[in-house]
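[1] please work out how this folds:
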Amino acid sequence: MCRIKADPVTELDELLNQLIQKVTRDVLFVIKGKVSASQFAIMRVLRQTGRSTVTGIAEQLEITLSGVTALSDRLVEADLVERVRDEQDRRVVWIDLSEKGRELVVELEGVKRGMVERYVEGLSESEVRKLNDIMRKILRA
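    Residues are numbered from 1 along each chain as shown. Have a look, this model is predicted:
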């Protein structure tokens, strides 16, 4: 059977869909039983930015304040994050990774990095750099 070749943009669309599904499936496998994907996203934000407010996390992840509050409640219960009142303004509550949370996110990020390394193991370093450049251009669009 002769297969009609798709135009490059249609093919890219399908490849991106497949990649998103693969990465999502693989990340969920990595964090399974430890935290939810949304909780992991909050933990990653805190690792990258340091302590933050609920508003700061919500803006960064583009989710609701109530969503961040509910997720952070569960992370506090699991001793993965801590809430700390600001010493200058008691109305401000900071959320930060606990030591246990920091250790878990470092562990999960390491496993995730290994996963990405497996994705690109068949590429040369220059191909990976070119892929990075292309992805940055796409993300800026």
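[2] could you find the closest non-adjacent residue to the residue nearest in space to the middle of the chain?
    The centroid of the chain falls nearest to Ala41 when counting by Cα atoms, centre = their mean (4.5 Å). Nearest residue to Ala41 in three dimensions, chain neighbours excluded: Leu61, at 5.7 Å (Cβ to Cβ, 6 or more residues apart in numbering). (Glycine included, C-beta is placed from N, CA and C.)
[3] next one: that neighbour relative to Thr49, how far apart?
    Here Leu61 is placed at a distance of 11 Å from Thr49 (Cβ to Cβ, to the nearest Å).
[4] flag every buried residue along the helix or strand hosting Leu71.
    Under the criterion of DSSP states H and E, Leu71 resides in helix 65-77. Buried positions in helix 65-77, judged by neighbour count with 16 or more other Cβ atoms under 10 Å: 68, 71-72, 75.
[5] ok, so of those, who is nearest Arg83?
    When the buried residues of helix 65-77 are ranked by distance to Arg83 (Cβ to Cβ), Ser72 comes first, at 7.5 Å.
[6] residues contacting that closest one?
    Ser72 sits next to 42, 54, 57, 81, 83, 95 when contact means Cβ atoms under 8 Å, 6 or more residues apart in numbering.
[7] now Leu104
    34-35, 43, 80.
[8] repeat the analysis, applying 7 Å as the threshold.
    Neighbouring residues of Leu104 by Cβ atoms under 7 Å, 6 or more residues apart in numbering: 34, 80.
[9] following element in sequence after the helix ranked longest in the chain, please.
    If you go by DSSP state H, the chain has its longest helix at helix 8-31. As assigned by DSSP H and E, the chain's next helix or strand after helix 8-31 is helix 37-49.
[10] quick one: buried residues of that following helix?
    38-46.
[11] just the CA trace of the longest helix of the chain, in CSV.
    C-alpha atoms of helix 8-31 as CSV (Å, rounded to 0.1, in the frame of the first residue of the first chain):
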residue,chain,number,x,y,z
PRO,A,8,6.3,18.9,7.0
VAL,A,9,4.1,20.9,9.4
THR,A,10,1.5,18.1,9.6
GLU,A,11,4.3,15.6,10.2
LEU,A,12,5.8,17.9,12.9
ASP,A,13,2.4,18.2,14.6
GLU,A,14,2.1,14.5,14.7
LEU,A,15,5.7,14.0,16.0
LEU,A,16,5.2,16.6,18.7
ASN,A,17,2.0,14.9,19.8
GLN,A,18,3.8,11.6,20.0
LEU,A,19,6.7,13.2,21.9
ILE,A,20,4.4,14.8,24.4
GLN,A,21,2.7,11.5,25.0
LYS,A,22,6.0,9.7,25.4
VAL,A,23,7.5,12.2,27.8
THR,A,24,4.3,12.5,29.8
ARG,A,25,4.1,8.7,30.1
ASP,A,26,7.8,8.4,31.0
VAL,A,27,7.7,11.2,33.6
LEU,A,28,4.6,9.7,35.2
PHE,A,29,6.4,6.4,35.5
VAL,A,30,9.4,8.1,37.1
ILE,A,31,7.3,9.9,39.8
